[in-house]
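# from the sequence below, what's the structure:
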Amino acid sequence: MASATVPLLDDTIPFGDEELHTQAKGNLTHPYVTFFHLFFRGASVVVYMLCDWFSNSFITSFVTVILLLSMDFWTVKNITGRLMVGLRWWNYVDDDGKSHWVFESRKNRINDREASIFWIALVLTPLVWVIFFMVALFGFKLKWLLLVMIALVLNGANLYGYIKCKVGESESLTSVTSNFLRQQVLQNAVSIVTRQATTPAANPMSTPSNTV
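Prediction:
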């Protein structure tokens with residue numbers, strides 16, 4: 001939840017006041033933002049997978065992937081989440097030195113296609129890095145394991161922050177999952193009962209008639 005007493009920087013656009021363009025259904029409202037949302041994520045994964053083809057230096061590969069991960073983290077946290085799905089999470093320190101985490105959700109209309117692209121990339125990328133983590137762990141590639149752990153932390157932080165923005169700060173992820181599962185079970189039970197009620201029961205007294 002946002003705080004009205006939070007100071008804004010001089011060049012900060014108030015959250016929710018960004019210009020929203022209405023376009024035909026299926027078009028992207030922010031094509032360049034969407035491109036960079038996918039570019040840095042995909043580039044970090046591709047460079048990690050193919051770094052041995054471009055350079056034999058571990059330091060060069062390590063620094064290149066870290067730079068891509070850092071640019072991805074900053075872009076997703078400060079730009080793409082704000083414009084593509086109307087969500088923002090951030091931190092500030094008050095005058096007493098206490099740190100506060102803020103999770104904001106804009107109620108304006110968003111582009112459904114952009115939102116789908118945002119969430120798919122946000123969820124799938126950490127799963128890819130989990131696979132890389134398992135490969136590095138069981139392959140005893142300790143130097144690459146450190147790089148993968150950094151990638152998991154950066155990608156996981158954005159994923160957690162935006163999920164908190166989506167479900168609300170006061171509502172825990174466990175309760176959201178429990179409510180979803182409870183709703184699915186209830187819907188399945190109602191569907192089964194309705195199906196049984198509409199199925200005609202067989203009459204045991206009826207006998208087949210033979211026609212000559």
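# all helices for this protein, in order.
31-54, 58-75, 81-84, 112-138, 142-167, 173-198 (DSSP state H).
# now the nearest residue to Asp94 once chain neighbours are set aside: how far from Asn91?
Once flanking residues are discounted, Asp94 sits nearest to His100: 6.4 Å by Cβ to Cβ, 6 or more residues apart in numbering. Every C-beta, even on glycine, is put in place using the N, C-alpha and C of the backbone. According to Cβ to Cβ, to the nearest Å, His100 stands 7 Å off from Asn91.
# repeat for Arg109
28 Å.
# do the same with Thr60
32 Å.
# now for this protein, the helix or strand with the poorest mean pLDDT.
helix 173-198 (a mean of 60; mean pLDDT, DSSP states H and E).
# low-confidence stretches in this protein?
1-26, 108, 169-212 (pLDDT under 70).
# coming back round to it: of all the helices of the chain, which lies closest to Ser105?
Checking those against Ser105 by Cβ to Cβ gives helix 142-167 as the closest, at 5.3 Å.
# show me what that closest one is packed up against.
helix 31-54, helix 58-75, helix 81-84, strand 87-93, strand 99-105, helix 112-138, helix 173-198 (3 or more Cβ pairs under 8 Å, 6 or more residues apart in numbering; DSSP states H and E).
# now these as CSV including distance to Val148 and mean neighbour count?
Output for the helices and strands packed on helix 142-167, formatted as CSV (distance: least, Cβ to Cβ, whole Å; neighbours: other Cβ atoms under 10 Å):
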stretch, distance to Val148, mean neighbour count
helix 31-54, 8, 16
helix 58-75, 9, 17
helix 81-84, 23, 23
strand 87-93, 24, 16
strand 99-105, 26, 15
helix 112-138, 5, 16
helix 173-198, 24, 10
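# make JSON lines from those and add distance to Leu147 to it.
As requested, those are exported to JSON lines (distance: least, Cβ to Cβ, whole Å):
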{"stretch": "helix 31-54", "distance to Leu147": "7"}
{"stretch": "helix 58-75", "distance to Leu147": "6"}
{"stretch": "helix 81-84", "distance to Leu147": "24"}
{"stretch": "strand 87-93", "distance to Leu147": "25"}
{"stretch": "strand 99-105", "distance to Leu147": "27"}
{"stretch": "helix 112-138", "distance to Leu147": "8"}
{"stretch": "helix 173-198", "distance to Leu147": "28"}
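# how about those, which one is nearest Leu159?
helix 112-138 (5.6 Å).
# sweet, I'm off.
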